[in-house]
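Q: Predicted model, plus sequence, below.
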Amino acid sequence: MIFYILTLFPEVFEGYRRASILGRAEEQGQVSMRLVNIRDFARDRHRTCDDYTYGGGAGMVLKPAPLAEALRSIPAVRERAGRGSGEGQEPGARVVYLTPSGRPWSQALAEQAARESEIVLLCGRYEGIDQRIVDAFVTDEISVGDYVLAGGEVAAMVLVDTVVRLVEGVIKAQSLAEESFRQGLLEYPQYTRPAQFEGRRVPEVLLGGDHARIERWRLEQSVAKTLRNRPELLRSRELPSEVAAIMKELEHG
Ligand code: ADE
């Protein structure tokens, strides 16, 4: 899978590449992150990439021309741009614009994205990018949370990180099956050696070999944690009867 990242600050991604699953996946040839510096496509003497906003207001906006040229330097974008709206199943890469006004990113969207062969991530800065670029090229506007980052770079790393680990063969299938959000519940607590640390003991059930009891304990812990930290996850869907029973017990004491 190829991630193209359009940014004014490609250097921001290098430390992340070195110290993450991404770096290993790149070495193994499963994934490739290609950094495209938007400034390389600015044609004036000062390589200007931003300008004042029409209509007035604080802040600068990324100019359309360098962005359009940077996008057209990617073959899979040229392929899609020649074919229209960006809705549906056209060939070519999806172009994701990272913006606080986008749709919320989620594990479900990461799972869909992991099935693509190429994705383009467009990082904004300042007040954002010229809307005509969104209209002409962008297939998905995505936010990573209800707060405003100084730019899209950190958000792009969130996307890459969540998708890379779902690309087949990058990490073990069992680790994925067990983790938070997979079954609509948050993950149970984990412990490692020693069994006693600064006066706190690992729960007794985990030290015995009774796998059925361990599974039951983990499910109870997951339900309790989800009720405590993210109750809306439990209210928004049909619950398996086992989970509903644990919830009842917890709610009634
Ligand atoms: N750029 C600035 N803030 C952002 C956010 N919350 N999500 C995605 N991109 C952003």
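A: Everything's here; your move.

Q: Helix or strand with the lowest mean pLDDT in this structure?
A: Scoring the helices and strands of the chain by mean pLDDT, DSSP states H and E places helix 173-178 at the bottom, with a mean of 78.

Q: For that one, buried residues please.
A: By 16 or more other CB atoms under 10 Å, helix 173-178 has no buried positions at all. For glycine as for every other residue, the C-beta is placed from the backbone atoms N, C-alpha and C.

Q: Mind telling me which residue of the stretch 151-253 of the chain is nearest the ligand?
A: residue 155 (3.4 Å; CB to the nearest ligand atom).

Q: list the contacts for that residue?
A: If you count contacts by CB atoms under 8 Å, 6 or more residues apart in numbering, residue 155 has them with 98, 105, 123, 142, 143, 144, 149.

Q: Contacts only, for the third one.
A: Residues counted as contacts of residue 123 (CB under 8 Å, 6+ apart) are 5, 6, 7, 8, 9, 98, 151, 152, 153, 155, 156.

Q: In contact with the residue lying closest to it once chain neighbours are set aside, which residues?
A: The shortest distance from residue 123 to any non-neighbouring residue, by CB to CB, 6 or more residues apart in numbering, is to residue 152 (3.3 Å). By CB under 8 Å, 6+ apart, the residues touching residue 152 are 7, 97, 98, 99, 121, 122, 123, 124, 125.

Q: Low-confidence bits of the stretch 51-200 of the chain, can you list those?
A: Scanning the stretch 51-200 of the chain for pLDDT under 70 picks out 82-89, 182.

Q: For it, just list every one of the helices.
A: Secondary structure of the stretch 51-200 of the chain (DSSP state H, counting those that start in this stretch): helices located at 64-72, 75-81, 107-113, 131-137, 153-164, 173-178.

Q: re the thing from before, which members of the contacts of residue 123 occur in strands, if any?
A: Here DSSP state E is the test, and these give 5, 6, 7, 98 as lying in strands.

Q: Scan the residues you listed and report the most crowded one.
A: residue 6 (29 neighbours; other CB atoms under 10 Å).

Q: Distance check, it against residue 133.
A: 10 Å (CB to CB, to the nearest Å).

Q: joint contacts of these two?
A: Counting by CB under 8 Å, 6+ apart, the common neighbours of residue 6 and residue 133 are 67, 71, 122.

Q: Of the contacts of residue 152, which are in range of the ligand?
A: Near the ligand, judged by CB under 6 Å from any ligand atom, the entries from these are 98, 99, 124.

Q: Determine which residue of this structure is most distant from the centre point.
A: Distance from the C-alpha centroid of the chain peaks at residue 199, with 38.0 Å (CA atoms, centre = their mean).

Q: Buried residues of the top helix by length along the chain, list them for me.
A: If each helix of the chain is counted by residues according to DSSP state H, the longest one is helix 211-229. Buried residues in helix 211-229, defined by neighbour count with 16+ other CB under 10 Å: 214, 217, 218, 219, 220, 221, 222, 223, 224, 225, 226, 227.

Q: correct me, but the third one touches residue 188?
A: Yes - with contact defined as CB atoms under 8 Å, residue 218 counts as touching residue 188 (4.1 Å).

Q: returning to what we had before: so which residues make contact with the longest helix of the chain?
A: 183, 185-189, 203, 205-206, 208, 233-234, 242-243, 246-247, 250-251.
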